[in-house]
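Colleague: When you get a sec, could you give me coordinates for this:
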Amino acid sequence: MKNVIPFEDVLEAADRLSMEEQETLIEILHRRMIEHRRAELAKDIQDAQQELREGCCRPITPEEIMKEIVS
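Modeller: Numbering: from 1, shown residues only. Below you'll find the predicted structure:
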């Protein structure tokens, strides 16, 4: 298991950085979050495509979706 640093310790460490270093840290974390979300979306798409190939679901129109939601 990875070493886990308490969140409070991370915040305190970030407070000791210069403003420029804090801005760089924010940019890096933001990019990593975007990359992580992109990977999650790609996995979701692959899973959905696999389900479609296996016949577990079928394509439907937006109108059909709205009918299901309203009913």
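Colleague: Can you give me the neighbour number for residue 25?
Modeller: Residues lying near residue 25 (other C-beta atoms under 10 Å) number 13. Every residue, glycine included, has its C-beta placed from N, CA and C.
Colleague: any idea how far it lies from residue 35?
Modeller: With distances taken as C-beta to C-beta, to the nearest Å, residue 25 is found 16 Å from residue 35.
Colleague: Summarise which helices and strands the longest helix anywhere in the chain is packed against.
Modeller: Using DSSP state H, we find that the single longest helix of the chain is helix 19-53. Contact partners of helix 19-53 among helices and strands, from 3 or more C-beta pairs under 8 Å, 6 or more residues apart in numbering; DSSP states H and E: none.
Colleague: Now with 10 Å, please.
Modeller: With contacts defined as 3 or more C-beta pairs under 10 Å, 6 or more residues apart in numbering; DSSP states H and E, the packing partners of helix 19-53 are helix 7-15.
Colleague: Give me the helices and strands touching the helix it packs on, please.
Modeller: Applying 3+ C-beta pairs under 10 Å, 6+ apart, we find helix 7-15 packed against helix 19-53.
Colleague: quick one: average pLDDT of the helix it packs on?
Modeller: Here helix 19-53 scores 96 as its mean pLDDT.
Colleague: Please list the residues outside whichever helix or strand comes after that helix that contact it.
Modeller: Scanning forward in sequence from helix 19-53 by DSSP states H and E, the next helix or strand is helix 62-70. Residues outside helix 62-70 that contact it (C-beta atoms under 10 Å, 6 or more residues apart in numbering) are 58, 60-61.
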